[in-house]
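# Here you go, sequence then predicted model.
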Amino acid sequence: MKNISVIGAGTMGNGIAHTFAQSGFKVSLVDISQENIDLGMATIAKNLDRMIAKERITEDDKTSTLGNITSYLDLKEGVSQADLVVEAATENLDLKLKVFGDMDQFAPAHCILSTNTSSISITQIAAVTKRPDQVIGMHFMNPVPIMKLVEIIRGYSTSDEVTATIMELSKQLGKTPTEVNDYPGFVANRILMPMINEAIETLYHGVAGVEEIDTVMKLGMAHPMGPLQLADFIGLDVCLSILNVMHEGFKNPKYAPCPLLVNMVMAGKKGIKSGEGFYDYATSRKAEVVSKSFL
Ligand code: NAD
């Protein structure tokens with residue numbers, strides 16, 4: 001594997017491009033927006049500078065990492081040489097089905113098509129291609145250059161050979177790959193999202209405030225971040241869409257999203273990305289806002 005195409009230059013896409021490029025792979029970074037490509041490249045440069053400041057890499061490493069990345073606005077051009085594609089475009093089923101149909105047409109026959117989706121079925125995505133045995137989930141964690149885990153999700157038709165190749169490749173990136181099967185939420189979100197949802201229910205029922213709930217989980221369970229702060233970090237819209245996928249997929253009411261979460265997303269309060277979620281980031285003071293505005 002030499003040439004990796006990353007589709008989407010957003011939060012995850014730029015981290016994935018950074019990680020592959022720093023490990024010496026040639027990366028084609030594809031997005032539909034030049035502005036998002038520019039923002040993504042600026043984020044990679046900023047994160048490399050941070051690593052230089054911590055003396056973990058040198059200026060030369062930064063130059064070679066950035067030199068390994070070429071950006072494209074055209075998908076056909078961006079995947080034409082790919083040995084592996086990692087799709088990290090917006091979490092939307094129709095969008096992913098369209099992108100996978102196009103990639104199947106434009107990428108070389110040997111190319112493995114992977115997706116970083118948080119919740120969409122790998123089997124469903126694979127079914128729109130003529131190479132379902134070469135489609136697999138590569139679920140990186142945010143922030144990608146730092147987090148060690150890659151959840152490797154086998155779709156119904158994913159071959160043993162492709163799974164072994166992707167497990168090995170993830171190790172080459174310095175990551176710890178973990179193989180799981182393709183059911184709603186996979187493993188990471190199947191366990192994490194009900195916990196976050198329960199924290200929101202606890203707030204919704206007035207059992208305790210935002211700070212109190214997060215403090216209990218941080219100090220009592222040794223979690224590095226409380227569940228409400230983590231939800232703000234992930235994006236409340238992302239949490240809601242993952243819970244909806246699990247609720248629909250399992251037809252089990254235990255995954256039904258808390259009405260407070262639904263209300264907050266409808267009100268545009270999406271966490272850090274919108275400046276406000278359970279905490280207020282606009283004032284750069286993490287003041288608790290939800291207990292005042294919603295209860
Ligand atoms: P994001 O909104 O930050 O970035 C998405 C990017 O995709 C944008 O730059 C957008 O312009 C681009 N895009 C949209 N349509 C496109 C197309 N047709 N072709 C090319 N680019 C296109 O989203 P994100 O948070 O980086 O999430 C990306 C994927 O990663 C999603 O599937 C999400 O579920 C998954 N994921 C996210 C996180 C997280 O913490 N944010 C963690 C793990 C997995």
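Received the coordinates, thanks.

# Please report the distance of residue 119 from the ligand.
Distance, residue 119 to the ligand, using Cβ to the nearest ligand atom, to the nearest Å: 7 Å. C-beta coordinates here come from the backbone N, C-alpha and C atoms, glycine included.

# do the same with residue 81
Using Cβ to the nearest ligand atom, residue 81 is found at 17 Å from the ligand.

# wait, doesn't that residue sit right on residue 4?
No: judged on Cβ atoms under 8 Å, residue 81 makes no contact with residue 4 at a distance of 9.9 Å.

# Quick check: neighbours shared by the two?
residue 28 (Cβ atoms under 8 Å, 6 or more residues apart in numbering).

# Looking only at neighbour counts, state which of those two leads.
Shown here are residue 81 and residue 4; by other Cβ atoms under 10 Å, residue 4 has more neighbours (27 against 15).

# Show me which residues of the protein are close to the ligand?
7-13, 30-33, 36, 88-91, 95, 99, 116-118, 139, 142, 234-235, 238 (Cβ under 6 Å from any ligand atom).

# Of those, keep whichever come out buried.
Neighbour counting with 16 or more other Cβ atoms under 10 Å marks 7-13, 30-32, 36, 88-89, 91, 99, 116-118, 139, 234-235, 238 as buried within the residues of the chain next to the ligand.

# Next up, the contacts around the nearest residue to residue 180 once chain neighbours are set aside.
Computed as Cβ to Cβ, 6 or more residues apart in numbering, the closest residue to residue 180 that is not its neighbour in sequence is residue 187, at 4.7 Å. Under the criterion of Cβ under 8 Å, 6+ apart, the contact list for residue 187 reads 151, 178, 180.

# hang on, the second one in a strand?
It refers to residue 178. Yes: under DSSP: H, G, I helix; E, B strand; the rest coil, residue 178 falls within a strand.

# Please name the bridge partners of it.
For residue 178, the beta-bridge partners under DSSP bridges are residue 151.

# On the pLDDT front, check it for me.
What the model reports for residue 178 is a pLDDT of 98.

# for it, what are its contacts?
Contact partners of residue 178, counting by Cβ under 8 Å, 6+ apart, are 149-152, 187.

# Nearest to the ligand, out of the residues you listed: which one, please.
Closest approach between the contacts of residue 178 and the ligand, by Cβ to the nearest ligand atom: residue 151, at 9.0 Å.

# How much space separates that closest one from residue 224?
With the distance defined as Cβ to Cβ, to the nearest Å, residue 151 ends up 19 Å from residue 224.

# What about the buried ones among the residues of the chain next to the ligand, which are in strands?
If you go by DSSP state E, these have 7, 30, 139 in strands.

# list the contacts for the closest residue to the ligand within the chain?
Residue nearest to the ligand within the chain: residue 10 (1.9 Å; Cβ to the nearest ligand atom). By Cβ under 8 Å, 6+ apart, the contact set of residue 10 is 31, 36, 40, 88-90.

# Among those, which pair sits farthest apart?
Taking Cβ to Cβ, the two most distant members of those are 40 and 90; they sit 13.6 Å apart.

# hmm, back to that, now rank the contacts of residue 178 by neighbours and give me the top one.
In terms of neighbours by other Cβ under 10 Å, those top out with residue 150 at 25 neighbours.

# Hmm, that residue is touching residue 174, no?
No: Residue 150 is beyond contact range of residue 174, at 10.4 Å (criterion: Cβ under 8 Å).

# all helices for the chain, in order.
With DSSP state H as the criterion, the chain has helices at 11-22, 34-53, 59-67, 75-79, 93-106, 122-126, 160-172, 188-204, 210-215, 221, 227-234, 236-250, 259-266, 290-294.

# quick one: which of the ones you listed is nearest residue 274?
helix 236-250 (8.3 Å).

# If you count neighbours, what's buried in that closest one?
If you call a residue buried by 16+ other Cβ under 10 Å, then helix 236-250 has these buried ones: 236-247.

# Perfect, I'm done here.
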